[in-house]
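Asker: this one's sequence-less:
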């Protein structure tokens, strides 16, 4: 039996999603990637994908990886951002609930264990992915600016991450 906090810990850590080793995840059997938006790919202030994000998603597609956006943010924000990338999405997803993560996997015809979940929050993104049996990747938040209750959750995340040698919150 693992530690309670293990259900919140990711399989992988990166300081920045744009450092992702695409060939490395493919060699691990990953065929699809589900992304959070805010503070994972861009700041809350980026309404559309900047050029570097578009190029990153182009590289993912060129490598044969399917992509999806699953965000807890509202429809207007997620739709505009996802459309700027040309990527399908689910908004108001209520992660860590599995409903929209399951739908994204189904839509991509990808098994959860072959779909990487990428996010910046332990209690929504990572826990949701772990509940689905997805490999998970935690990235450092793009910005220190957090919306709503996220700032409060960050304090608890630091407690969970304390002593983990791969990531410093």
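Answerer: Okay, I see it. Please read these numbers as outputs of a predicted model, since none were measured by experiment.
Asker: Go ahead and confirm residue 100 touches residue 106.
Answerer: No - counting by CB atoms under 8 Å, residue 106 is not a contact partner of residue 100; they are 10.3 Å apart. The way it works is simple: take the backbone N, C-alpha and C, and place the C-beta from them, glycine included.
Asker: Which one's more surrounded, those two?
Answerer: Looking at residue 100 and residue 106 with other CB atoms under 10 Å, you find the greater number of neighbours at residue 100, namely 22 against 10.
Asker: Now the more buried one: which helix or strand?
Answerer: In this assignment (DSSP states H and E), residue 100 forms part of helix 99-108.
Asker: Can you tell me which helices and strands the very next helix or strand once past that helix packs against?
Answerer: Sequence-wise, the next helix or strand downstream of helix 99-108 (DSSP H and E) is strand 115-119. Packing partners of strand 115-119 (3 or more CB pairs under 8 Å, 6 or more residues apart in numbering; DSSP states H and E): strand 32-35, helix 99-108, helix 127-132, strand 136-139.
Asker: which intervals of this protein have sub-threshold pLDDT?
Answerer: In the predicted model of the chain, residues 1-6, 144-169 satisfy pLDDT under 70.
Asker: Tabulate the helices and strands packed on strand 115-119 (CSV), appending distance to residue 88.
Answerer: Listed next are the helices and strands packed on strand 115-119 as CSV, based on distance: least, CB to CB, whole Å:
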stretch, distance to residue 88
strand 32-35, 10
helix 99-108, 6
helix 127-132, 17
strand 136-139, 20
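Asker: what's the closest of those to residue 116?
Answerer: Nearest of these to residue 116, taken as CB to CB: strand 32-35 at 4.7 Å.
Asker: what comes into contact with the closest one?
Answerer: Applying CB atoms under 8 Å, 6 or more residues apart in numbering, the contact partners of strand 32-35 are 17, 25, 41, 60, 65-70, 101, 104-105, 108, 110, 114-119, 129, 134.
Asker: dump the residue contacts of residue 96.
Answerer: 123-125, 127-128, 131.
Asker: Spell out, range by range, the strands that occur in the chain.
Answerer: 12-14, 32-35, 66-70, 89-90, 115-119, 136-139 (DSSP state E).
Asker: export the ones you listed to TSV and tack on distance to residue 56 and mean neighbour count?
Answerer: Compiled in TSV, the strands of the chain are given as follows (distance: least, CB to CB, whole Å; neighbours: other CB atoms under 10 Å):
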stretch	distance to residue 56	mean neighbour count
strand 12-14	13	17
strand 32-35	10	27
strand 66-70	10	24
strand 89-90	16	22
strand 115-119	11	27
strand 136-139	12	26
